[in-house]
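*Asks:* just need the structure, nothing else, for what follows:
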Amino acid sequence: MSDERDLRVRPGLVIPAAELRETASRSRGPGGQNVNKTSTRVTLRWNLDASACVTESQRRRLRERLGARLTRGGDLVLHSDRTRSLARNREDARQRLVEILLAALARPRPRRATRPTAASRARRLDAKTRRGVVKRTRRPVAPDRD
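*Replies:* Residues are numbered from 1 along each chain as shown. Predicted structure coming up:
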């Protein structure tokens, strides 16, 4: 059973709304009196270690890729105070969580071994020769022995 507040990351990965913790606090920066009287900053927390929606391999990959962003307890914490609206900040924080998770779960394409072209090898050798000439011309001139 899916709740409309569940966060759909990608097909097969939906974070239940019960696993997301949202708090609102006073925002910083410009905004006039609005900033002083309304709590529009959103802090979104998701605990990777306690989540039931990720597989063990996904959990390992996320822990490896997001290690610096996770708290000791395994929480991924995001703050959003880009707009003056609580609803827009909430949506922004949820969207950023999706982007972070998608980037961390993306598998890098394997590198295919290639060989340098004949022209690039020739350019490299030519550059080495020219550099050697420059170094040779900088040497002190030996005195003539008569």
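*Asks:* now do the strands in the protein.
*Replies:* For the chain, the strands defined by DSSP state E cover 7-10, 13-15, 20-25, 41-47, 75-80.
*Asks:* contact partners of stretch 100-108?
*Replies:* Here stretch 100-108 makes contact (C-beta atoms under 8 Å, 6 or more residues apart in numbering) with 9-10, 13, 58, 61-62, 65-66, 69, 76, 78. All C-beta atoms are positioned from the backbone trio N, CA, C, and that covers glycine.
*Asks:* now, of those, which are buried?
*Replies:* 9, 13, 58, 61-62, 66, 76, 78 (16 or more other C-beta atoms under 10 Å).
*Asks:* between the residues you listed, which is closest to R121?
*Replies:* Nearest to R121 among the buried ones among the contacts of stretch 100-108, counting by C-beta to C-beta, is R61 at 38.3 Å.
*Asks:* how many residues are close by the residue lying closest to that closest one once chain neighbours are set aside?
*Replies:* Leaving aside its chain neighbours, R61 sits nearest to L105 (6.3 Å; criterion: C-beta to C-beta, 6 or more residues apart in numbering). By other C-beta atoms under 10 Å, 16 other residues sit near L105.
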